[in-house]
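Student: This is the structure alone, sequence omitted:
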């Protein structure tokens, strides 16, 4: 039997109540995206809807059988909507996960500084190295809501940022005046296209103390084929709604790239993947301008191979996880776990990219989905 309890906290993280008598509870998260929670409660002593304020918190504790309870999905939920049904004497509370903190911020720097514009043009790639994608995302967050923020009023005392480690491919993004969450998502997409997926999150490290972290390769438990305890899914055992998708829409096999200069003296180069020039229609071409300050041959080669690499076609797997012996949420896998999957003779390295939980009338429903891909 699985039980749930919700810790209700004020804006400073002080415990106010424990909610276990809820009428319904729905919450879910998706990797590198915003999660939502909705809970409906009876109005009773200890619950006065008129006193619930923005940024009060909920935390979901989940307990499976006799096992210890745990903080599900490793997040606090920030209350942002309260709906008091006065006639029915119920209250519906909505909340967003901690990634909503990033949605509340912009990259508040001009594009002539490396705080706003982390590209080769501003960083002067001939003398300064580009950042790894994982470090770049940490820096953007640190500079806009933690200790590296130039404006001290933007430095959140409750927030720290994981130290840089230099791992992953290099990247570049101009984030000036853009929403911080959207910038983080763009960097993560850029990195995944280079076969280096990572997942960012804000996690609780204590009472009202939080850390922004980047998880390389695996957000949850690692049960992939290379782990010590692999878990495999298959269409005839514990997957449903299975789709195999061959996607060639963004494929490119030939790039022409230009940089500094003009006319016949412009710096230019071409990059081609002969192993994929199999179409009767010939090469699939694209032009890329690296800007007037791109004048370094090594940088040209770096960007050309990086872009061509990310333009390969892919075979994608999407499916829903079926609750079955050996594939139970919270026991065998968690939100963000990496697992294996066999489908129609193809072997995939997959991630559990979303989990949605609903409890109503004492009945629990869990909807998890996974995705994986193979580069063609």
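Tutor: Great, that's in hand. Since the structure is predicted, the reported quantities are computational estimates derived from the model, not experimental observations.
Student: Please make it C-alpha for all contacts and neighbour counts, starting now.
Tutor: Will do.
Student: For residue 250, grab the count of nearby residues.
Tutor: Close neighbours of residue 250, defined as other CA atoms under 10 Å, add up to 11.
Student: nearest residue to it other than its sequence neighbours?
Tutor: Closest residue to residue 250 apart from its sequence neighbours, by CA to CA, 6 or more residues apart in numbering: residue 311 at 5.9 Å.
Student: Then residue 97?
Tutor: Closest to residue 97 by CA to CA, 6+ apart is residue 77, at 4.5 Å.
Student: I'd guessed residue 107 sits against residue 177; true?
Tutor: Yes - contact criterion CA atoms under 8 Å: residue 107 and residue 177 qualify, at 4.9 Å.
Student: Please identify which of these two sits among more neighbours.
Tutor: Comparing residue 107 with residue 177 by other CA under 10 Å, the one with more neighbours is residue 107, at 22 against 16.
Student: what are the phi and psi angles of the more buried one?
Tutor: Dihedral pair for residue 107: phi -80, psi 100, per degrees, to the nearest 10.
Student: Using the three-state scheme, assign residue 308.
Tutor: With DSSP: H, G, I helix; E, B strand; the rest coil as the basis, residue 308 sits in helix.
Student: just residue 319 next, same as before
Tutor: strand.
Student: so what's it bridging to?
Tutor: Taking DSSP bridges as the rule, residue 319 bridges to residue 370.
Student: tally of neighbours for it?
Tutor: Counted with other CA under 10 Å, residue 319 comes out at 21.
Student: so who does it touch?
Tutor: Taking CA atoms under 8 Å, 6 or more residues apart in numbering, we find residue 319 in contact with 239, 240, 241, 242, 243, 369, 370, 371.
Student: Tally up the residues packed near residue 262, please.
Tutor: Using other CA under 10 Å, residue 262 has 10 other residues around it.
Student: how distant is the helix or strand that contains residue 303 from the center of its chain?
Tutor: Counting by DSSP states H and E, the element that carries residue 303 is helix 297-310. Mean-position distance between helix 297-310 and its chain equals 25 Å (CA atoms, centre = their mean, to the nearest Å).
Student: So for residue 36, what's the nearest residue that isn't a sequence neighbour?
Tutor: Computed as CA to CA, 6+ apart, the closest residue to residue 36 that is not its neighbour in sequence is residue 96, at 4.7 Å.
Student: Just the buried residues of the contacts of residue 319.
Tutor: Neighbour-count burial within the contacts of residue 319 applies to 239, 242, 369, 370, 371; the criterion is 16 or more other CA atoms under 10 Å.
Student: what's the neighbour count on residue 152?
Tutor: Neighbour count of residue 152, defined by other CA under 10 Å: 12.
Student: And it, how far from residue 57?
Tutor: In this view, residue 152 and residue 57 are 25 Å apart by CA to CA, to the nearest Å.
Student: residue contacts, residue 184?
Tutor: Shown in contact with residue 184 (CA under 8 Å, 6+ apart): 137, 140.
Student: Other residues contacting the helix or strand hosting residue 244?
Tutor: Assigned by DSSP H and E, residue 244 belongs to strand 239-247. Applying CA under 8 Å, 6+ apart, the contact partners of strand 239-247 are 233, 235, 313, 314, 315, 316, 317, 318, 319, 320, 321, 322.
Student: State the helix or strand in which the first one lies.
Tutor: Taking DSSP H and E as the definition, residue 233 sits inside strand 232-234.
Student: For that strand, give me every contacting residue.
Tutor: With contacts defined as CA under 8 Å, 6+ apart, strand 232-234 is touched by 224, 225, 239, 339, 340, 341, 342, 343.
Student: Farthest-apart pair in those residues, please.
Tutor: Spatially, the most separated pair among the contacts of strand 232-234 is 225 and 239, at 17.4 Å (CA to CA).
Student: pLDDT weak spots in the stretch 151-300 of the chain?
Tutor: 292-296 (pLDDT under 70).
Student: Okay, helices next: where are they in it?
Tutor: 180-192, 297-310 (DSSP state H, counting those that start in this stretch).
Student: ok, back up a step: what sits in contact with each of residue 107 and residue 177?
Tutor: residue 116.
Student: Name all residues that make contact with residue 32.
Tutor: With CA under 8 Å, 6+ apart, residue 32 has these contacts: 185, 188, 199, 200, 201.
Student: The last one: neighbouring residues, count only.
Tutor: The reference is to residue 201. Residue 201 has 20 neighbours, counted by other CA under 10 Å.
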